[in-house]
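A.B. asks: Got a predicted structure here, sequence first:
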Protein chains: 2
Amino acid sequence: MLSQSCKYGIWAVLYMASDPDRDFISIREISNELKISFHFLTKILQSLTRAKIIVSMRGANGGVSLARPAKDINLHEIIVAIDGDDIFTSCVLGLPGCGNEKPCPLHNKWVENREAVTGMCENTNLKDLALEAESTRWLNSDIFPGFHTIFKS
Amino acid sequence: MLSQSCKYGIWAVLYMASDPDRDFISIREISNELKISFHFLTKILQSLTRAKIIVSMRGANGGVSLARPAKDINLHEIIVAIDGDDIFTSCVLGLPGCGNEKPCPLHNKWVENREAVTGMCENTNLKDLALEAESTRWLNSDIFPGFHTIFKS
DNA sequence: TTTATTTAAGATAAAATACTCTTAATTCCT
DNA sequence: AGGAATTAAGAGTATTTTATCTTAAATAAA
C-alpha cells in the first residue's frame, strides 16, 4: 500500500509533531530514535521539504521542523508528497483507460473504498495522530525506546 | 496496492470466467489476448493452480480452467493466492507490533477501511466481475481487441 | 575566520519485483 | 511409438525500490 519511504516519512513527521515546542530537530536524532538509515531518511525528508510540509536548516543546530502547525498538515498531503497520488487515483486492476467514463469491472465498487481511504487521509491531521500516539502510549514502548522522552506529560 | 502479478492474475481469471462454456484455455491464448508475457503469466497461474482456484492440464489441448464455477471464486482468495494476505492484515504505517491489542496511531481508523476493502473482495465473485465486464462492454474495447470475441451475446 | 555541525545531492550497492529464456515433464494425436 | 503441443520449473536478466557512502554547501559558534 504505502512504500517504505512513505512509512518512514510519516514516522518522522509524527516524531516532529510529538513535541510542538521544539524547533529544529536534527535528522540524525530522528534516524537514531526511529532506527531508520540516516541518509535514506534525509532523502525522504527532502521530498517533504520540497512539498513545503517541513522546513529544513543546514549547519550547526540545524535540522527539520514542521512548516505549519501539526493541525494543518494532513496525512493525504504527506503520502502524496512521497509516493505521489497514484494510490488515490489509479485503477485497482491496473487496467489501461479505466476511469469514471469507462469503468473497469471493479471500478465502481473500488471507488467507494478509495474515496473512504482518501477522506480518512484528508481528515486525519498530524496533531490528531500525535495525540493518539500519546494517549495509546504507542511510543512509550519497547519498540522506540527513546521516543517517549520527547513527550511532555 | 496490488502487485503487477496479482493484477495480471485477476485479468487472466476474468478472461477465463468470461465464457463458462469453454473448458481448457491455453495460457498462450490468454497471454496473447491480454498482452502479458507468456512465461510470466505461466508462473502467476501456477500460484493459482496450487491454491486450487484453477486447474491446469499439460499437453496438446491442455491449458487452464477455473477449478469451480466463477460464482464460487471470490476476489479475496485470488489476491491472497498471489500476493499473500499482507494487505488485508498488516499495519498501514508498517509499525512493528501494531494490532488490535496495541493499536498504532492510525490503526483504528485504518481497520475500518481495511475491513471495508476485505469485505468488498470477499463479496465480489468472479461471475459478478465477468458480468460487469460484459455489461459495461469493457472488453469490447480497443484495449483488448481480441477479448470481446469470447463473449457469447 | 576557522572549525564543527548539519542538510543537499549524487554515486554506488543490495534487495525485491518484474520479466525472459531454457529445459523438463505431460498429454494428445497420428 | 513418435511427434507436436502445452504447462512446470528453474535459471538468468532488467528494472525499481531500498539503503549506503561520499562529497558539497550552508549555518552557527568559537
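C.D. replies: Structure's in. What do you need? Computed from a predicted model, the values in this text were never measured in an experiment.

A.B. asks: Tell me where chain A has strands.
C.D. replies: Remark: strands assigned in chain A by DSSP state E are A:54-57, A:63-66.

A.B. asks: tell me the mean pLDDT for the top helix by length along chain A?
C.D. replies: Counting residues, the longest helix found in chain A (DSSP state H) is helix A:107-123. Helix A:107-123 shows an average pLDDT of 97 in the prediction.

A.B. asks: Check stretch A:33-50 too.
C.D. replies: The predicted model gives stretch A:33-50 an average pLDDT of 97.

A.B. asks: what's the angle from the lowest-mean-pLDDT helix or strand in chain A to helix B:107-123?
C.D. replies: With mean pLDDT, DSSP states H and E as the measure, the helix or strand of chain A carrying the lowest mean pLDDT is helix A:126-135 (a mean of 93). Computed with axes from the mean of the first three to the mean of the last three Cα atoms, to 10 degrees, the direction of helix A:126-135 lies at 100 degrees from that of helix B:107-123.

A.B. asks: mind listing what the residue lying closest to residue A:4 once chain neighbours are set aside touches?
C.D. replies: Among residues not flanking residue A:4 along the chain, residue B:94 sits closest, at 6.9 Å (Cβ to Cβ, 6 or more residues apart in numbering or on different chains). Heads up, the C-betas are built off the backbone N, CA and C, glycines and all. With contacts defined as Cβ atoms under 8 Å, 6 or more residues apart in numbering or on different chains, the neighbours of residue B:94 are A:2, A:4, A:7.

A.B. asks: Now for the second one, how many residues are close by?
C.D. replies: Looking back up the chat, that one is residue A:4. As a burial measure, the neighbour count of residue A:4 was computed by other Cβ atoms under 10 Å in any protein chain shown and equals 11.

A.B. asks: Same check on the last one?
C.D. replies: As a burial measure, the neighbour count of residue A:7 was computed by other Cβ under 10 Å and equals 21.

A.B. asks: Check residue A:119 too.
C.D. replies: Residue A:119 - counted by other Cβ under 10 Å - has 12 other residues nearby.

A.B. asks: State the distance from it to DNA strand C.
C.D. replies: With the distance defined as Cβ to the nearest atom of the strand, to the nearest Å, residue A:119 ends up 27 Å from DNA strand C.

A.B. asks: Kindly report the same for residue A:130.
C.D. replies: Taking Cβ to the nearest atom of the strand as the criterion, residue A:130 is separated from DNA strand C by 20 Å.
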